[in-house]
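Peer 1: Sharing a model that was predicted from the sequence below.
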Protein chains: 2
Amino acid sequence: MAQSARQIADELRERIHSGELAPGARLPGEPALVRDHGVAKETARRALTLLVTEGLAVRRRGSGTYVRDFRPIRRVANRRPAQDGWAAGRSIWQADLEDRPLSVTDLTVEEAPAPPRVAQALGLAEGEAVLVRDRRFVVEDQPVQLATSYLPAELVRDSAIARPDTGPGGTYARLAELGLSPDRFVEELRARMPAPDEAERLQLAEGTPVVEVWRTAFTEDGRAVELNRMLLDAGVYVMEYHLSS
Amino acid sequence: MAQSARQIADELRERIHSGELAPGARLPGEPALVRDHGVAKETARRALTLLVTEGLAVRRRGSGTYVRDFRPIRRVANRRPAQDGWAAGRSIWQADLEDRPLSVTDLTVEEAPAPPRVAQALGLAEGEAVLVRDRRFVVEDQPVQLATSYLPAELVRDSAIARPDTGPGGTYARLAELGLSPDRFVEELRARMPAPDEAERLQLAEGTPVVEVWRTAFTEDGRAVELNRMLLDAGVYVMEYHLSS
DNA sequence: TAGTGGTCTAGACCACGTG
DNA sequence: ACGTGGTCTAGACCACTAT
């Protein structure tokens, strides 16, 4: 019965995909694998680690290792009201946190010199002052997103944007009042594994990537007025974009 | 000098982020870590594994473990010609494979019954025939993307879409000739760790997530004419979306 | 051939959560 | 209290890569 970590993982993966081990089900623990497959504990452990790093399983200390679930929040970057019909009911992933409001925690607002990347995106000189709004979004006690907004400090220093509570309509409504209404956006996305501090702030399970989004808002005449860096828990989000030619 | 795997990883991570260990640089090997930190080989190994699963390092058997590089290909989902100016030179990530053509390998074309998810997205009955075009994209001998297109077989069976070479303009030009010109698109994205077979087909380094994209093409009157499932190497791609309000 | 990473063992002890 | 996962050791042997 002696097998390698890979073989044991293959067998468990097959049982997961076949549905025998459904999402949320408990996998055989390390002692069970040692007994049934005649391997050392470290080998059993490595087998489970493979599944965990694939994002297929989650470990719960003191309890066991479980098949992971995926019930995403849907993030719709641009929903065009006039075109709302065309994709209704056709989504690929089933979302069960549809349009649920995110609560904000750990909000901080401060002025700081613009880091190089931020300066370039906003068309500022490096080190020029930017207003930095940092916050964390939580759904049902689970952190799901970190967001940091950068705005040219000179433009917004005297507005409600520089205060924790930006008022009704939020940052974009205040920008509009300043004659800087955002009209077009560019989003750049990348997926990667999180750094340890990011994993901690988002309370990420192992094997969960993050999606790093940099969103730049432009006024109608092409001025960059906001840069928003978001870090999403990829185990929670599906992103949706509506494009027309 | 005895330390834990985490501490050793922390130290190496710090040296990477400080720039002392630049992208492409060789990290201290397992024997060196054993010697310098007074730990067992397995512990040194675990330290390096942490960095690898974070996507910060890549192992090369027989050679060493190296700091990873990120020089992305930029995938621009919708470039609006009239609005091209507004984001020029302002990108967050520096791309060095800008607009480089992807070569296609492993192209297969066949008819098959629609899987449930495909049937729903295309508005077909489950099991109804779809044309399946499967292919792999390669840049400089590196596979970077897997793509599978599904089209209602009844619509395209007699067109060039059913042949390996779809002719000038590709699938969308042929659809236009059939009066089914794609006009609007929905893209749904999710990032996750790859299954082993996906990792192999894309020759993914460990610690590299994939981005799964499902793109549905609609005609002007709202008919879904194509569903394209793409699997991207997240270590290679940056995705860019242009949105207007 | 020497050095690197890749895998496994058999044991130890710890930390945490559940029952 | 017990069973779970978490970490570490000291050794063995294998497989691949560079030179």
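Peer 2: It's in.

Peer 1: and the residue lying closest to residue A:4 once chain neighbours are set aside, what element?
Peer 2: Closest residue to residue A:4 apart from its sequence neighbours, by Cβ to Cβ, 6 or more residues apart in numbering or on different chains: residue A:43 at 7.3 Å. For the C-beta atoms, the positions are set from N, CA and C on the backbone; glycine is no exception. According to DSSP states H and E, residue A:43 maps onto helix A:41-53.

Peer 1: so that helix versus helix B:41-53, what angle?
Peer 2: 10 degrees (axes from the mean of the first three to the mean of the last three Cα atoms, to 10 degrees).

Peer 1: Give me the buried positions along helix A:41-53.
Peer 2: A:43, A:44, A:45, A:46, A:47, A:48, A:49, A:50, A:51, A:52, A:53 (16 or more other Cβ atoms under 10 Å in any protein chain shown).

Peer 1: pretty sure residue A:13 is touching residue A:57, no?
Peer 2: No: Residue A:13 is not in contact with residue A:57 according to Cβ atoms under 8 Å; the separation is 9.3 Å.

Peer 1: Tell me the pLDDT of residue A:83.
Peer 2: Residue A:83 carries a pLDDT value of 49.

Peer 1: What residues does chain A have near DNA strand D?
Peer 2: By Cβ under 7 Å from any atom of the strand, the residues of chain A that approach DNA strand D are A:27, A:29-32, A:41-42, A:45, A:48, A:59-65.

Peer 1: Which among the residues you listed count as buried?
Peer 2: Buried subset of those (neighbour count, 16+ other Cβ under 10 Å): A:27, A:30, A:45, A:48, A:59, A:64, A:65.

Peer 1: For those, name the two members farthest from one another.
Peer 2: Checked with Cβ to Cβ, these reach their widest spread between A:45 and A:64, with 13.2 Å between them.

Peer 1: Now the common contact residues for these two.
Peer 2: Counting by Cβ atoms under 8 Å, 6 or more residues apart in numbering or on different chains, no residue touches both residue A:45 and residue A:64.

Peer 1: could you check whether stretch A:201-210 is close to DNA strand C?
Peer 2: No: using Cβ under 7 Å from any atom of the strand, stretch A:201-210 stays clear of DNA strand C, with a minimum separation of 12.2 Å.

Peer 1: so what's the closest residue to residue A:147 other than its chain neighbours bridging to?
Peer 2: In this structure, residue A:147 finds its nearest non-sequential neighbour in residue A:230, 4.7 Å apart by Cβ to Cβ, 6+ apart. Legend: beta-bridge partners of residue A:230 under DSSP bridges are residue A:147, residue A:213.

Peer 1: that older thread, determine the set of other helices and strands touching the helix holding residue A:43.
Peer 2: Applying 3 or more Cβ pairs under 8 Å, 6 or more residues apart in numbering or on different chains; DSSP states H and E, one finds that helix A:41-53 contacts helix A:5-17, helix A:30-37, strand A:57-60, strand A:64-67.

Peer 1: how about these in JSON lines, adding mean pLDDT and distance to DNA strand C?
Peer 2: As requested, the helices and strands packed on helix A:41-53 are arranged in JSON lines below (pLDDT from 0 to 100; distance: least, Cβ to the nearest atom of the strand, whole Å):
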{"stretch": "helix A:5-17", "mean pLDDT": "93", "distance to DNA strand C": "3"}
{"stretch": "helix A:30-37", "mean pLDDT": "92", "distance to DNA strand C": "8"}
{"stretch": "strand A:57-60", "mean pLDDT": "94", "distance to DNA strand C": "6"}
{"stretch": "strand A:64-67", "mean pLDDT": "94", "distance to DNA strand C": "8"}
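
Peer 1: Tell me which helix or strand residue A:172 sits in.
Peer 2: Assessed by DSSP H and E, residue A:172 sits inside helix A:170-177.

Peer 1: how does chain A divide into domains?
Peer 2: Following automatic domain parsing, chain A resolves into domains at A:5-67, A:73-240.

Peer 1: returning to that earlier point: confidence score at the residue nearest to residue A:147?
Peer 2: So residue A:230 comes in at 97 (pLDDT).

Peer 1: tell me the secondary structure for residue A:19?
Peer 2: Three-state call for residue A:19 (DSSP: H, G, I helix; E, B strand; the rest coil): coil.

Peer 1: quick one, what contacts residue A:224?
Peer 2: So residue A:224 contacts A:121, A:122, A:123, A:216, A:217, A:218, B:90 (Cβ under 8 Å, 6+ apart).

Peer 1: For the residue lying closest to the fourth one once chain neighbours are set aside, which residues count as its bridge partners?
Peer 2: Pointing back at residue A:216 there. Nearest non-adjacent residue to residue A:216, counting by Cβ to Cβ, 6+ apart: residue A:186, 4.8 Å away. In this entry, residue A:186 is beta-bridged to residue A:216, residue B:242, by DSSP bridges.
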